[in-house]
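Visitor: Sequence plus the predicted model coming up.
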Amino acid sequence: KEGSVAVATEAVRVAFDKATGRFSVTDLRRGEVVAESLGAAAFEPRQSSIALKERADEYFYGGGVQNGRFSHKGQSIRIVNTNQWTDGGVASPTPFYWSTAGYGIMWYTFAPGLYDFGASEAGTVRLTHDTNYLDLFVMVDRTPVELLNDFYQLTGNPVLLPKFGFYEGHLNAYNRDYWAETEDGSGIL
């Protein structure tokens, strides 16, 4: 197409508009655009971000252990270890999320970030990390299992412990009957 550059496989096409820097990701197996940016990526000396169009019927999952959070639609999540086990704390962040639209994104960084899934601006998914580069893996598949398997292809499969390998050590993190939050909200007693 005139005015654009595209990279494609048999299954996926990523097209960039030369004039605006906008991009779209198309699942060629379904003939459907699964993700599209609202503009060019933004780069600042210590931060970079992208904004994607959010569909009305789209939901978002992932980001690692986001305590008290499961579906992120209309929410912002931090991609940084806050070491807090209370509601809203982040105990083990992962710079990866997947969408019910049929795509997942893993930002290749250890830098802190913020993923805003329409909390600040309805219809906009804004991904930001405290880094001056943009290095993303974009996965395209139909189901959550397929998207997670794509993610595991990059990171390795999660460890499956035998039953005797599980322990009760973290039960206290979620049992509020015996614990009290500190006055500054940074932990539990």
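Guide: Looks like it came in fine. The structure presented is a predicted model; accordingly, all values stated were derived computationally and were not measured. Residues are numbered from 1 along each chain as shown.

Visitor: use CA for all of it now, contacts and neighbours both
Guide: Fine.

Visitor: Can you name every helix or strand that whatever helix or strand I105 lives in contacts?
Guide: I105 belongs to strand 103-107 when elements are defined using DSSP states H and E. Helices and strands touching strand 103-107, as assessed by 3 or more C-alpha pairs under 8 Å, 6 or more residues apart in numbering; DSSP states H and E, comprise strand 90-99, strand 136-140, helix 144-155.

Visitor: residues of the longest one that come out buried?
Guide: Taking 16 or more other C-alpha atoms under 10 Å as the basis for neighbour counts, the residues of helix 144-155 that come out buried are P144, L147, L148, N149, D150, F151.

Visitor: nearest to P93, of those residues?
Guide: When the buried residues of helix 144-155 are ranked by distance to P93 (C-alpha to C-alpha), F151 comes first, at 14.7 Å.

Visitor: any weak-confidence spans in the protein?
Guide: The chain contains residues with pLDDT under 70 at 167-182, 185-189.

Visitor: Run a quick neighbour tally on the nearest residue to V65 once chain neighbours are set aside.
Guide: Among residues not flanking V65 along the chain, S92 sits closest, at 5.0 Å (C-alpha to C-alpha, 6 or more residues apart in numbering). The local packing of S92 (other C-alpha atoms under 10 Å) involves 17 other residues.

Visitor: 33 is where my numbering starts, stick with that
Guide: Sure, I'll start counting at 33 from here, so that last one is S124.

Visitor: For S124, list the residues it contacts.
Guide: Shown in contact with S124 (C-alpha atoms under 8 Å, 6 or more residues apart in numbering): G96, V97, Q98, V112, N113, N115.
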